[in-house]
Structures are given as structure tokens and as C-alpha cells.
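Enquirer: Turn this into a model:
(one chain, ligands or ions: 1)
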Amino acid sequence: MSKNFSLGTIAVQGGYKPNPGEPRVLPIFQSTSYQQGDPDHVAKLFGLEAEGHLYTRISNPTIAAYEEKYAALQGGVAAVATSSGQAAIFYAIANIAKAGDHIISTSALYGGTFNLFNINLRKFGIEVTFVDPEASEEEILALAKENTKAIYGEIIGNPGLNILDLDKFSRVAKKIGVPLIVDNTVPSPYLCNPFEFGANVVVHSTTKYSDGHAVAVGGIIVDGGNFDWANGKFPEFTEPDSSYHGIKYIEAFGKAAYAVKARVTLLRDLGAAPSPFNAFLTNLGLETLHLRMERHSLNALKLAEFLGAHPKVAWVNYPYLEGNSQYERAQKYLKGGASGVLTFGIKGGLEEGKKLIKNLEIATLVVNLGDARTYILHPASTTHAQLSEEEQKASGVSPDLLRISVGIEDTEDLIRDFEQALNSL
Ligand SMILES: *Cc1c(COP(=O)(O)O)cnc(C)c1O
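Expert: Coordinates of the predicted model:
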């Protein structure tokens, strides 16, 4: 697809290109395996000397078309879809760090990512140092070690809603000679292109805004193609891989070396591949990404303004609200909106919050975000319950915080729903 098309056009038409007589809509190739012809060609496929599908754990035509659209939407050179966001995050790290290595991550993380880094990566021998996202450049640099392999952060921290200072973190990553890996789940590719600001790898939980209808758990890794893996710190890209007859990833795959390596080693050996049906559903969801993100952002801003002015509301946090501590950064890094997540606290704390949740009609209690429907939840007792109080604080969760994932329903109906629920407290 032409590079000149805007995101709205890529969202609708990117990826799948039918020939005359073929289905107009991306078909679901619900097949684990593929008819092969020449045995010599199959040997080449196994040795990565030819391109083609062998087995759906590694690639599939439905998934490939969806990945191509996603890479174009996010502005990367290639994408690798996984069965969940958690798998995408784990693979993004495991593709470049092994036992004995170290990564630096901001502490403002999704609860599942914090656990993955704090508990399971350590079990795999990968040490993680957490840093306050507002730490100075010098403070972050001081955490770097000889074996540091990546810096990690979330563009919009969930649920603290801090905006990652991409300029600062990409400067530090460049100085250390490691990639900056960012989770762009909450803005989605439509509101933020982290590659423009120096990120090298972008991961998403596509379960959220990419799917947009809460029907398919999924993740994706997008390779920016803009990191020098031959800088001496990443020998697995320049040295021969014995599991593929001594192939050297940079030599063989150039700018897409990182994405190819993730697919042909991690999907092959660890196997968190998406199903073709889920790739189809997420691809369908992406067709309206641009429209949904505009409405999510508009509804969230209007609801945040309403809540901020209501006498029963103690505080409200939404990055696009004027006067918000993140406002400047949100204007700089997010284009046209700050997505659908907002948080607030009500006077009387959690007990009143529970009553409010029961009073709401449109907004329902669901532990998810990014759906077309509006959800509300209490993170301290749900999504972030596995964290200690200290850890909750570091990830931006206060005991009274309520999180709304604002859907795309009628703006006025939504505001009226919160108005009646607050007024009947
Ligand atoms: C949901 C979420 C994840 C985890 O993704 P799953 O698809 O649930 O595995 C990671 N990061 C963020 C920011 C999320 O919201």
C-alpha cells in the first residue's frame, strides 16, 4: 500500500490485497499446514532460504495480512502477532535478553507486565531495574550496566496515565546502545507513533483498542527497523544461528532482522501463536480504529470535564485535560486525543465508589479496557491487587482510584449516566 496514505485508509485497506476473482474480505485460512510441492523447496523453507508458509505456529496467510496492515499502521518495517499482549511483551524482551542480562523498565506499568518483569523474568535469569518514569536522564543512565539490553516503558501508563517522556528515554537508550521498547496499547497506532520519537520496538495488547470489541485476546510486536543490532551488544544478530544452519539474521534479513528472529526462534520454540480466527477478528476491528479512537478520546475528554466539575468528585485525571500534569507531553506525543482511559476519585473514597459503580447503567463493571462499551473498575482490588501497597503506589494506583474505559456510546447519554449515578449517592 502506498506510503502516502493516511492511517484511516491503511486501517480500512492495508494488508490484504485480493487478485481478481478472490474474496474481497480477508479470508480466514483455518489451516495448521500447507500443501507443498517440490521437496527441495520445503528444505529451503525450513532453512529460511525461501519465503512461504510451513506451519501456522510460525506463519499463516490470514495472520500475515493482518501483521502487514499493523506494521503499516504503526509505521514499522514488520510485525509479529502473538496469542496475547503478555506473550508479545515477553518475546520482545526474550528476543534480545537472556539469563545473565539486565533491562531497565519504568515502574509505571500494567500490573501483568510488572509481575512478568518482577517475578518471571527474574526466574529466567533476566534482572530488571525499575525506575521512576520522572527520573532524570542522569539517574536513568546511572542504572545502566555492561549487560543492559533494553529500556522499557508504556506510552500511557495504566492506570497512572503518565505519558512516557519518549525524548528522554530514547536519548538514554541511544547513549547506552540498547533499544527502547514501548507498550503503545492505550494510544493504539492511531494516536501515537513512538518510532517518530526514537522508540525501536513497539508492543501492543491488541486485546484492547486494536480489536476494539472485546472479542479476541492478542498481542503484536512491531519492529521499527531503526536499531543497529550490529553495535557489538547483540551478537545473536551477527553470529551464526546453529538452529538454522548458521544463518546470520542481519545479513539475511536486514532491517527486519529483529522481527524475523522473534518469529523463527520464539514463535517456533515457545509457540504463543495467535489463531487465524483471532487475527481475522482483530483485523476487522482495525478497520474502524481511526473512527473509534476519535470517539473514545472525545467521550473521555467530555466525561473528564464533567466529572472535574461535579461536587462529589474529589479529583480527575485525564492527560488531555487542560491543567493536567501530563498535558504538555500528551499534546506532544499523542495526535488528536488521549484515548479512552480516565481515572478519578470520589469524595468518601472506595465505599462511595462501590455505590457509584452499582448506580451506573451504561458503564458496567468489567476488568478490561479499549472496548466499544464503557467499563468502570477499582484497580487496587482487581487489576493491581497482586501488587503490594508500595508497588501499587509506584504504578500510580491510589486506594480510592476508579478507572473508566470510556466507550464510544453517545457522549450525552454517557454523561447523563454518570450524573444520575453521582446524584443518587
Ligand atoms: C492488557 C494489557 C497488557 C496485557 O495484554 P493481554 O492481551 O491481556 O495479554 C499489556 N499492556 C497493557 C498496557 C495492557 O493494557
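Enquirer: The nearest residue to residue 90 once chain neighbours are set aside: what's it in contact with?
Expert: In this structure, residue 90 finds its nearest non-sequential neighbour in residue 116, 6.2 Å apart by Cβ to Cβ, 6 or more residues apart in numbering. C-beta here means a position set from N, CA and C on the backbone, and glycine is covered the same way. Neighbour list for residue 116: 86, 89-90 [criterion: Cβ atoms under 8 Å, 6 or more residues apart in numbering].
Enquirer: Top of the residues you listed by number of neighbours, please.
Expert: Greatest neighbour count in these, by other Cβ atoms under 10 Å, goes to residue 89: 27 neighbours.
Enquirer: and the gap between that residue and the ligand?
Expert: Per Cβ to the nearest ligand atom, to the nearest Å, residue 89 is found 6 Å from the ligand.
Enquirer: Secondary structure element holding that residue?
Expert: If you go by DSSP states H and E, residue 89 is part of helix 85-94.
Enquirer: Check which element follows that helix along the chain.
Expert: strand 102-106.
Enquirer: so how many other residues sit close to the closest residue to the ligand within the stretch 101-250 of the chain?
Expert: Proximity of the stretch 101-250 of the chain to the ligand (Cβ to the nearest ligand atom) peaks at residue 205, 3.0 Å away. Residue 205 has 29 neighbours, counted by other Cβ under 10 Å.
Enquirer: contacting residues for the closest residue to it other than its chain neighbours?
Expert: Among residues not flanking residue 205 along the chain, residue 85 sits closest, at 2.6 Å (Cβ to Cβ, 6+ apart). Applying Cβ under 8 Å, 6+ apart, we find residue 85 in contact with 112, 183, 185, 203-208, 217-219.
Enquirer: one more time with 10 Å
Expert: With contact taken as Cβ atoms under 10 Å, 6 or more residues apart in numbering, residue 85 is in contact with 110, 112-113, 183, 185, 203-208, 210, 217-220.
Enquirer: between those, which has the most around it?
Expert: Neighbour max across these (other Cβ under 10 Å) = residue 206, 32 neighbours.
Enquirer: That one against residue 215, yeah?
Expert: No: the pair residue 206 / residue 215 is not scored as a contact, 11.0 Å apart, by Cβ atoms under 10 Å.
Enquirer: Touching both of these two, which residues are there?
Expert: Here residue 206 and residue 215 have 278, 281-282, 285 as joint contacts, going by Cβ under 10 Å, 6+ apart.
Enquirer: would you list the residues you listed in JSON lines and tack on pLDDT, neighbour count and distance to the ligand?
Expert: Output for the shared contacts of residue 206 and residue 215, formatted as JSON lines (pLDDT from 0 to 100; neighbours: other Cβ atoms under 10 Å; distance: Cβ to the nearest ligand atom, whole Å):
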{"residue": "278", "pLDDT": "98", "neighbour count": "24", "distance to the ligand": "11"}
{"residue": "281", "pLDDT": "98", "neighbour count": "21", "distance to the ligand": "13"}
{"residue": "282", "pLDDT": "98", "neighbour count": "28", "distance to the ligand": "11"}
{"residue": "285", "pLDDT": "98", "neighbour count": "23", "distance to the ligand": "13"}
